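> Have a look; sequence and predicted model below, questions after that.
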Amino acid sequence: MASAPAVESIGDGLHRTRNAPVDIAFRVRGAGPAVVLLHGTTANHAVWEPVGDALEGRATVIALDQRGHGRSDKPAEGYSGDDFVTDVITVLDALGVQQAMVAGHSLGGRNAWLAAAQHPDRVMGAVVVDYTPYVEMPVLDQLEERVALGFRPFASTDDIEAYLRDRYPAILPGAIERRARWGYRLLDDGHWVPRASAPAMAKLIDGFRTPYDREFREVAAPMTHLRGSESALVSPAAWQSAIADRPADHWVEVAGADHYIPEEQPELVADEIARALIT
């Protein structure tokens, strides 16, 4: 049996696995039952900071940079749902954590229910924020176009923040600052570019076209689902189709929120994760 990957500090309060097939960066803090937090497409661990602030007195909070993002590895291939689930287990093994709740937003939400379906012995439940297996193909086409437009050089952090405010008009000001700080790197020529890999984003969005609806229905653990009432990604029809699959789950429509609920109403998200931990 292969030994668990090692863990090393990489500064800025982050750690990283070492000697895994794909090494994953993460931040861990707090004490109590383990909660893994998985961000959405092009984002990174830092989008969960206010949620982690609210949870760290009640849980061990492990926020990942998913593969292709942040300071994690960015392999040329390997962006299916199964690949992302492997990374969750890699981090749990590296930390010696036997069981965890997994909460995810968008891409991370899909990965949360897949982890629960594939590893019922390791994942005690899932909190899925603004994603279902029934997101329509034209919506994914639009997502692919929007993501591609973000891969360009920026002259300054002010330019980055202006772009982010335009792209994410409802997220809190602190969320803009965190995305700018953690999501970009400075090149030798003085320009800033995203840390996320453009080819990886194209591949993972293509992976969204596999719905994983069978796995969604097969999750034995209880799940919590959140949808922003103004979400442009999860339509009312996609939401109702998911409810029909799992009527016994806990379903919450967040009034006034769009797709980016963790960065708009972090305390509500933290409360729902905490509720899931004790139910």
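Right, received. Where do you want to start? Numbering: from 1, shown residues only.
> so who does the spatially closest residue to residue 80 that is not a sequence neighbour touch?
Spatial nearest neighbour of residue 80, chain neighbours left out: residue 207 (5.0 Å); criterion: C-beta to C-beta, 6 or more residues apart in numbering. In this view, the C-beta of every residue, glycine as well, is placed from N, C-alpha and C. Residue 207 makes contacts with 79, 80, 81, as judged by C-beta atoms under 8 Å, 6 or more residues apart in numbering.
> Now go through those residues and say which are in helices.
residue 81 (DSSP state H).
> Who wins on neighbours among the contacts of residue 207?
The most crowded member of the contacts of residue 207 is residue 79, carrying 25 neighbours; neighbours defined as other C-beta atoms under 10 Å.
> And the helices in the stretch 101-250 of the chain?
In the stretch 101-250 of the chain, the helices defined using DSSP state H, counting those that start in this stretch lie at 107-118, 137-149, 157-167, 173-182, 198-207, 213-218, 236-245.
> What residues sit buried inside the shortest one?
To tie it back to what came earlier, the one meant is helix 213-218. Residues 215, 216 are the ones in helix 213-218 that count as buried (16 or more other C-beta atoms under 10 Å).
> Tell me which other helices or strands that helix touches.
Contact partners of helix 213-218 among helices and strands, from 3 or more C-beta pairs under 8 Å, 6 or more residues apart in numbering; DSSP states H and E: helix 107-118, helix 236-245.
> highest average neighbour count across the ones you listed?
Mean neighbours per residue, mean count of other C-beta atoms under 10 Å, is largest over these for helix 107-118, with a mean of 27.
> So for that helix, mean pLDDT?
Along helix 107-118, the predicted confidence averages to a pLDDT of 98.
> and the direction of that helix versus that of helix 137-149, what angle?
120 degrees (axes from the mean of the first three to the mean of the last three C-alpha atoms, to 10 degrees).
> Relative to the whole chain's centre, how far out is helix 107-118?
Relative to its chain's centre, helix 107-118 lies at 10 Å (C-alpha atoms, centre = their mean, to the nearest Å).
> Provide a list of residues in contact with the most centrally placed residue in the chain.
By C-alpha atoms, centre = their mean, the chain has its centre lying nearest to residue 39, at 1.9 Å. For residue 39, the residues meeting the contact criterion (C-beta under 8 Å, 6+ apart) are 45, 47-48, 63-66, 69, 104-108.
> And the buried ones among those, selectable in PyMOL?
Here is the PyMOL command that selects only those of those that count as buried (16+ other C-beta under 10 Å):
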select buried, resi 45+47+48+63+64+65+66+69+104+105+106+107+108
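> Dump the contacts of residue 39 into JSON lines; add distance to residue 202 as well.
Formatted as JSON lines, the entries for the contacts of residue 39 read as follows, by distance: C-beta to C-beta, whole Å:
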{"residue": "45", "distance to residue 202": "22"}
{"residue": "47", "distance to residue 202": "21"}
{"residue": "48", "distance to residue 202": "24"}
{"residue": "63", "distance to residue 202": "24"}
{"residue": "64", "distance to residue 202": "21"}
{"residue": "65", "distance to residue 202": "18"}
{"residue": "66", "distance to residue 202": "15"}
{"residue": "69", "distance to residue 202": "13"}
{"residue": "104", "distance to residue 202": "20"}
{"residue": "105", "distance to residue 202": "20"}
{"residue": "106", "distance to residue 202": "16"}
{"residue": "107", "distance to residue 202": "13"}
{"residue": "108", "distance to residue 202": "18"}
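> Where does pLDDT dip in the stretch 1-150 of the chain?
The stretch 1-150 of the chain contains residues with pLDDT under 70 at 1-2.
> For it, just list every one of the strands.
Counting by DSSP state E, counting those that start in this stretch, the stretch 1-150 of the chain has these strands, from start to end: 6-11, 14-18, 25-30, 34-38, 60-65, 100-105, 123-129.
> can I get those strands in a markdown table with distance to residue 220?
Written out in a markdown table, the entries for the strands of the stretch 1-150 of the chain read as follows (distance: least, C-beta to C-beta, whole Å):
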| stretch | distance to residue 220 |
| --- | --- |
| strand 6-11 | 30 |
| strand 14-18 | 28 |
| strand 25-30 | 26 |
| strand 34-38 | 18 |
| strand 60-65 | 22 |
| strand 100-105 | 14 |
| strand 123-129 | 10 |
